[in-house]
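Undergrad: Dropping the sequence and predicted coords here.
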Number of protein chains: 2
Amino acid sequence: MSLILYERVGHEGRRPSPFSWRIRYALRHKGVAVDYVPMRFADVETVRRLSGQHMVPVLVDGDRVVHDSWNIAVHLEERFPDRPPLFGNEAARGMARFITVWADTALAPLMRRLIYADFVWCLDAGDRAYFRQSRERELGMTLEEACADRATAMASFRRAMGPLERTLAGQAFLGGAAPTYADYAVFSFFQWARLGSPGEILSEDSAVHAWRARMIGLFDGLGDLFAGYPAPQDAAAAR
Amino acid sequence: MSLILYERVGHEGRRPSPFSWRIRYALRHKGVAVDYVPMRFADVETVRRLSGQHMVPVLVDGDRVVHDSWNIAVHLEERFPDRPPLFGNEAARGMARFITVWADTALAPLMRRLIYADFVWCLDAGDRAYFRQSRERELGMTLEEACADRATAMASFRRAMGPLERTLAGQAFLGGAAPTYADYAVFSFFQWARLGSPGEILSEDSAVHAWRARMIGLFDGLGDLFAGYPAPQDAAAAR
């Protein structure tokens, strides 16, 4: 029986969710076939009935319903031990956990200040009001206000990204010569930023820029499987 | 032939260097015997003749002279492949590199603001003037000025430590159930802080506090092998 992944869908079939991207990469890494079921924010009741909580991605694997992208990755590793390892050993899994938490809590919050004013427009039209309301409550300001001072936001982001830049200046991937789950987890936010905003957040001469290009190219160009940020005319029409 | 590690020695035989601590732990992890040779900052010419640069630790392994703690760890892993792994596989080594760089560049600089005014007094008396001069030039202010606003420094440090706290709330070590090199690299700065300052930088109820205690206790209490911060009367005498 094939696996099913419920994941966020955006404007005209776009895939804006970082948490889905890390699992998409993990599934290709494992070489596991999966059916993708697109979910809008508005489909929250379907997700809740399925998994007892409201967030995607959710993986359905026979009787097992797994939510939270980290739990899904761990499930895939345990369920398919003979496929290429996402972690490799216990120590590597422990460290991948740290790097994932670092990306989630030290990197992504700063990226919001660079992309959120644009990001709302790559969502499904029916999801934009919910996104705006929930995120603006969380931020305590409008999406536009959150992104108003790009120079300061960019400086904070570059500083936070320092350990990534230095590490990738000396090795091709976080996993060394080849990518593993930590690469997918961190990359997923760069994918979120490039699909969710027309602005470039990386210098062309940075090691992270080169790594991002390698990540996009993996698995027959998986990073380019869906449309990018809506072109100006689409975004204007969407507004 | 036994290995030799040249490492920094402080006031009355203390061992204040974080970069030596990570290698001391790595050597015990590997179960490799080593002779330690204490070096003061003032012994810089000896270090330079030995290794072509001025920083310790330096490992001498027969004909090989290895400097930089990361290079020493990689050397130990390759030289003693049949001993317990410091990394375990290529992916784990790649991730340990990221975590080490994170500790060196995102965590340690903030810890200086909490300990430097005290730290100078745990060094050998002959090294204090050099330390003060070189660090004050780097900081652009006196050691005391760097540590004047403890509340702000503590808030920045706690924020930077966030990913560590969250990770260790869910697993015993960065390496999962058992420590590996990433644990030694990050712990080395907490060791630096506790041996280099009488001030406590962790809350007793934090996951990092509990992890630090586990780390101190490893290898028959290796973290307590040397004297701690000089007692008030010693510090006063030293001044």
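TA: Alright, I've got the coordinates.

Undergrad: pretty sure A:Met79 contacts A:Asp61?
TA: Slight slip there: residue A:79 is Arg, not Met. Yes: between A:Arg79 and A:Asp61 there is a contact at 6.6 Å, judged by C-beta atoms under 8 Å. Every C-beta, even on glycine, is put in place using the N, C-alpha and C of the backbone.

Undergrad: Can you tell me the closest non-neighbouring residue to A:Ala153?
TA: Nearest residue to A:Ala153, sequence neighbours excluded (C-beta to C-beta, 6 or more residues apart in numbering or on different chains): A:Arg113, at 3.6 Å.

Undergrad: who touches the one you found in this structure?
TA: Going by C-beta atoms under 8 Å, 6 or more residues apart in numbering or on different chains, A:Arg113 touches A:146-147, A:149, A:153, A:156-157.

Undergrad: Looking at the residues you listed, which are in helices?
TA: With DSSP state H as the criterion, helices contain A:146, A:153, A:156-157 from among the contacts of A:Arg113.

Undergrad: what's the helix or strand for the nearest residue to A:Cys147 once chain neighbours are set aside?
TA: Excluding its sequence neighbours, the residue lying closest to A:Cys147 (C-beta to C-beta, 6+ apart) is A:Ala117, at 3.9 Å. Assigned by DSSP states H and E, A:Ala117 belongs to helix A:108-119.

Undergrad: and after that helix, which helix or strand comes next?
TA: helix A:128-139.

Undergrad: Can you check what pLDDT the model gives the closest residue to A:Phe219 other than its chain neighbours?
TA: Spatially, and ignoring its direct neighbours in sequence, A:Phe219 is nearest to A:Arg28 (4.2 Å; C-beta to C-beta, 6+ apart). A:Arg28 is assigned 98 on the pLDDT scale.

Undergrad: what does the helix or strand hosting A:Arg28 contact?
TA: Assessed by DSSP H and E, A:Arg28 sits inside helix A:18-30. For helix A:18-30, contacts defined as C-beta under 8 Å, 6+ apart pick out A:3, A:5, A:7-8, A:15, A:34, A:55-57, A:59, A:69, A:72-73, A:76, A:80, A:83-84, A:86, A:108, A:179-181, A:183-185, A:187-189, A:191-192, A:215, A:218-219, A:222.

Undergrad: go again using 7 Å as the cut-off
TA: Residues from elsewhere that reach helix A:18-30 (C-beta atoms under 7 Å, 6 or more residues apart in numbering or on different chains): A:5, A:7-8, A:34, A:56-57, A:69, A:72-73, A:76, A:80, A:83-84, A:86, A:181, A:184-185, A:188-189, A:191-192, A:219, A:222.

Undergrad: Could you figure out how far it is turned away from helix A:108-119?
TA: Angle, helix A:18-30 to helix A:108-119, by axes from the mean of the first three to the mean of the last three C-alpha atoms, to 10 degrees: 110 degrees.

Undergrad: contacting residues for the residue nearest to A:Cys147?
TA: Contacts of A:Ala117 (C-beta under 7 Å, 6+ apart): A:143-144, A:147.

Undergrad: I'd like to know how far it sits from A:Ala148.
TA: 8 Å (C-beta to C-beta, to the nearest Å).

Undergrad: Also A:Ala227?
TA: Taking C-beta to C-beta, one finds A:Ala227 at 28 Å from A:Ala148.

Undergrad: When these two are compared, which one has more neighbours?
TA: A:Ala227 (16 against 13; other C-beta atoms under 10 Å in any protein chain shown).

Undergrad: In contact with A:Ala33: list those residues for me.
TA: A:Ser2.

Undergrad: at 8 Å what do you get?
TA: Counting by C-beta under 8 Å, 6+ apart, A:Ala33 touches A:2-3.

Undergrad: Show me what the helix or strand hosting A:Met215 is in contact with.
TA: Using DSSP H and E, A:Met215 sits within helix A:207-221. With C-beta under 8 Å, 6+ apart as the test, helix A:207-221 has contacts from A:25, A:28-29, A:161, A:164-166, A:168-169, A:172-173, A:179, A:183, A:187, A:190-191, A:194, A:202-203, A:222-224.

Undergrad: try 6 Å this time
TA: Residues from elsewhere that reach helix A:207-221 (C-beta atoms under 6 Å, 6 or more residues apart in numbering or on different chains): A:28, A:164-165, A:168-169, A:187, A:190, A:202, A:223.

Undergrad: Can you tell me which of the residues you listed is nearest chain B?
TA: Lowest distance from chain B to the contacts of helix A:207-221 (C-beta to the nearest C-beta) belongs to A:Leu164, with 7.3 Å.

Undergrad: near chain B, which residues of chain A?
TA: Within chain A, the positions near chain B by C-beta under 6 Å from any C-beta of the partner chain are A:88-95, A:97-98, A:101-102, A:105-106, A:162-163, A:166-167, A:171, A:174-176, A:180, A:182.
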